[in-house]
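K.L.:
Next comes the sequence, and after it the predicted model I'd like to discuss.
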Amino acid sequence: MRRRPDYLAHVILLFGVLIFIFPIWLMFAGATQDAGAINRGDISLLPRLSHLGVFMRALTYNGGVKGGVPVWHMLLISLAMALAIAAGKIVISLLSAFAVSFFRFPFRQVAFWIIFITLMLPVEVRIIPTYSVMASLHLVNSFTGLTMPLIASATATLLFRQVFVAVPDELVEAAKMDGAGPMRFLVDILIPVTSANLAALFVILFVYGWNQYLWPLLVATDPRYQTVILGIVQMIGVDQLIQWNMVMATTCLAILPPVLVVVLMQRWFVKGLAETDK
Amino acid sequence: MAVLELHGLRKEFAGQTILHGLDLRLDDGEMLVIVGASGCGKSTLLRLIAGLELPSGGQIMLDGAQITERDPAARDIAMVFQNYALYPHMSVFQNMAYGLKLRHQSKEEINRRVTEAAELLGITPLLARKPRELSGGQRQRVAMGRAIVREPKLFLFDEPLSNLDARLRVQMRGEIRRLQQRLGITSLYVTHDQVEAMTMADRLIVMHQGVAAQIATPMEVFARPANIYVAGFIGAPSMNFCTGRLVGAGDEAALGFGAQVRLPGRFISASGNVTIGVRPEHLMLDPAGSPMTIDLIEPLGSECLVHGKLADDTAITMRLPGDRPAHDHLTISLPPSHLHVFDTESGVRLEAIS
């Protein structure tokens, strides 16, 4: 039996793609227009190819603020923050999930539930006490203060626990018989075996870290720690005429790193989410 | 080359006794097979010896050294798992070399041992492959190889063939046995398959509810089962049992279905109640015998298995050579020389007194 292509499904898919791609296209096209044209509201959907240099200029644009740092600096801060959050979350949750899944110790269940309960307390809920703790530790306007409160993560711990529980007991026992201690087992067996899940989680956490807004807004008042997300908001808030083309160009630059991470790790990402065969 | 001794080995878990004080001695190079239905404690026993679980009491001695609470890796014991438990991200070579690497063997030594073991098992062409690219039988060989390269004192096999198809199982059964004899490594093999148990064992332990019901050579277990459980467990189809009472001088029994049979000697039982066991292949057709109603015939080609009931509804199975019987009734008798006599109350085998 020959399968007839399902035209309706493709039309709907295409429509969906258009809806999602439109704002991004508008952003890209807008970046190449005059600042004034966008302010007047006559934005063209056709990018002016002669103005592609705007992206290079945007890298050194300081947001039109006195003492503002250039966009490339903001991008670096964002990148460092996202990497630190993703890596930190993975290390912490890997170890805590390892502990609650493979070791028998007193109050193991209690420990697990305490971790679980923190799911109900995201940064937004505990923002004032967290700020107060950071302030008394003199960590406001520091890289540590920017990343550390965002690292402790119950979601990742739960996810890893589920992955670890699915690892067959016999594999653990074989490693024991082979003479692997707990940390050997973690490094030599567990991490390689669950690497696809690790990669998937890294992608999610990187994007999560990159998109942080509220916490950096509070704790990083010094421009030296300004992330690109904050930078964009600041650009819109200036008194003089908003440089919309610069804002659009910066926004384009700001979505590049997460997109790159997703694209580069897509193979792993899909494998990690879809793989059930262990 | 090693001798394994268990002294009163006991395991309780959550208030339940899984293993009731087991004493056992494995001689150098011996292949001992532990057989039993699931939940009889056979896997627990293996895991205790491997060190994957700690006993509640008793001792494990390997070559005279106390290893009861020693770390699994320090016991010099290798184990082959039911699901092979190969490391999925490592090649066959790495899988086999991993244990040696952790024991800080030199590169040359690791290479030599892995190459030799691979040669022995015929998996040399597979050394670069990943486990997922192997068939079940090949994975089984790699799992064996991983145990062999360690050159351990003791091999433990935890139902290693139960995931293979029937034909491969027969083949691997022979291979494991040949290999074990050639290497001369003391081995403990757990299985629930009685054919595997009979064919591979130097000696057999039949486990039942955490107790070793019998420890003997396969032929001894078959010919002189120690109790009713062992008699029913070993042999396919299972032994037939009829209850009755000793009569006369104890050399005859009056059976429930109305027949009186001669026994292979004189027996004494405290209550006088005995259970007579007879294997399906030993029942005889006898025009003057007891009637049996047939309810199922299973033709096996050269012979038939005939299932039926005696006068008192005792289920009985008979192995008949040749074609299926023409009638739905047979008359059978129990040959005295092939009867097993058990005490009905305790289930223990009774021996004829001289």
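P.N.:
Yep, that arrived.
K.L.:
going forward, measure contacts and count neighbours with C-alpha atoms only.
P.N.:
Fine.
K.L.:
what's the residue in the stretch 251-354 of chain B positioned nearest to chain A in contact with, if anything?
P.N.:
Nearest to chain A in the stretch 251-354 of chain B, going by C-alpha to the nearest C-alpha, is B:Gly347, at a distance of 37.3 Å. B:Gly347 makes contacts with B:Asn227, B:Ile228, B:Tyr229, as judged by C-alpha atoms under 8 Å, 6 or more residues apart in numbering or on different chains.
K.L.:
now those as TSV including neighbour count and pLDDT?
P.N.:
Output for those, formatted as TSV (neighbours: other C-alpha atoms under 10 Å in any protein chain shown; pLDDT from 0 to 100):
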residue	neighbour count	pLDDT
B:Asn227	21	93
B:Ile228	23	95
B:Tyr229	16	94
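K.L.:
near chain A, which of the residues you listed show up?
P.N.:
Filtering those for proximity to chain A by C-alpha under 8 Å from any C-alpha of the partner chain leaves nothing.
K.L.:
Sketch out the helices for the stretch 201-350 of chain B, chain order is fine.
P.N.:
Listed in chain order, the helices of the stretch 201-350 of chain B (DSSP state H, counting those that start in this stretch) span B:218-223, B:228-233.
K.L.:
Equivalent analysis for the stretch 101-250 of chain A, please.
P.N.:
Under DSSP H, counting those that start in this stretch, the stretch 101-250 of chain A gives helices at A:108-117, A:127-136, A:143-151, A:154-165, A:169-178, A:182-184, A:191-193, A:195-210, A:214-219, A:228-236, A:244-264.
K.L.:
B:Gly29 is nearest to which of those?
P.N.:
helix A:169-178 (20.9 Å; C-alpha to C-alpha).
K.L.:
So for the residue nearest the centre of chain B, what's the pLDDT?
P.N.:
Centroid check for chain B by C-alpha atoms, centre = their mean gives B:Val35 as the closest residue, at 2.9 Å. According to the prediction, B:Val35 has pLDDT 93.
K.L.:
Any chance of the backbone angles for the residue in the stretch 1-150 of chain A positioned nearest to chain B?
P.N.:
Using C-alpha to the nearest C-alpha, A:Arg104 is the residue of the stretch 1-150 of chain A that sits closest to chain B, at 13.0 Å. Dihedral pair for A:Arg104: phi -100, psi 110, per degrees, to the nearest 10.
K.L.:
Count the residues that sit near it.
P.N.:
10 (other C-alpha atoms under 10 Å in any protein chain shown).
K.L.:
how about low-confidence regions in the chain?
P.N.:
In the absence of a named chain, this looks at chain A. By pLDDT under 70, the low-scoring segments of chain A are A:1-2, A:63-66, A:238-239, A:271-278.
K.L.:
was after chain B, sorry
P.N.:
Using pLDDT under 70, chain B drops low at B:1.
K.L.:
Output the helices of the stretch 101-250 of chain A as CSV; include the columns mean neighbour count.
P.N.:
Output for the helices of the stretch 101-250 of chain A, formatted as CSV (neighbours: other C-alpha atoms under 10 Å in any protein chain shown):
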stretch, mean neighbour count
helix A:108-117, 14
helix A:127-136, 15
helix A:143-151, 19
helix A:154-165, 20
helix A:169-178, 21
helix A:182-184, 14
helix A:191-193, 17
helix A:195-210, 21
helix A:214-219, 17
helix A:228-236, 20
helix A:244-264, 19
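K.L.:
how about JSON lines for those helices, with distance to chain B added?
P.N.:
Output for the helices of the stretch 101-250 of chain A, formatted as JSON lines (distance: least, C-alpha to the nearest C-alpha, whole Å):
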{"stretch": "helix A:108-117", "distance to chain B": "18"}
{"stretch": "helix A:127-136", "distance to chain B": "42"}
{"stretch": "helix A:143-151", "distance to chain B": "29"}
{"stretch": "helix A:154-165", "distance to chain B": "15"}
{"stretch": "helix A:169-178", "distance to chain B": "4"}
{"stretch": "helix A:182-184", "distance to chain B": "9"}
{"stretch": "helix A:191-193", "distance to chain B": "6"}
{"stretch": "helix A:195-210", "distance to chain B": "10"}
{"stretch": "helix A:214-219", "distance to chain B": "40"}
{"stretch": "helix A:228-236", "distance to chain B": "39"}
{"stretch": "helix A:244-264", "distance to chain B": "22"}
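K.L.:
I'd like these laid out as CSV, including distance to B:His329.
P.N.:
Formatted as CSV, the helices of the stretch 101-250 of chain A follow (distance: least, C-alpha to C-alpha, whole Å):
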stretch, distance to B:His329
helix A:108-117, 65
helix A:127-136, 88
helix A:143-151, 81
helix A:154-165, 58
helix A:169-178, 52
helix A:182-184, 67
helix A:191-193, 63
helix A:195-210, 66
helix A:214-219, 89
helix A:228-236, 92
helix A:244-264, 77
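K.L.:
how close does B:Thr44 get to B:Gly232?
P.N.:
23 Å (C-alpha to C-alpha, to the nearest Å).
K.L.:
Let me fix that, I meant to ask about A:Cys252.
P.N.:
Counting by C-alpha to C-alpha - A:Cys252 and B:Gly232 are separated by 78 Å.
K.L.:
swap in A:Ser44?
P.N.:
From A:Ser44 to B:Gly232 the distance is 89 Å (C-alpha to C-alpha).
K.L.:
What distance do you get for the residue of the stretch 1-150 of chain A closest to chain B to B:Glu133?
P.N.:
Relative to B:Glu133, and taking C-alpha to C-alpha, A:Arg104 is found at 35 Å.
K.L.:
do B:Val261 as well
P.N.:
Taken as C-alpha to C-alpha, the span from B:Val261 to B:Glu133 is 61 Å.
K.L.:
same deal with B:Arg245?
P.N.:
Distance from B:Arg245 to B:Glu133, by C-alpha to C-alpha: 62 Å.
K.L.:
Look at those two and report which has more neighbours.
P.N.:
B:Arg245 (21 against 12).
K.L.:
Nice, that's everything, thank you.
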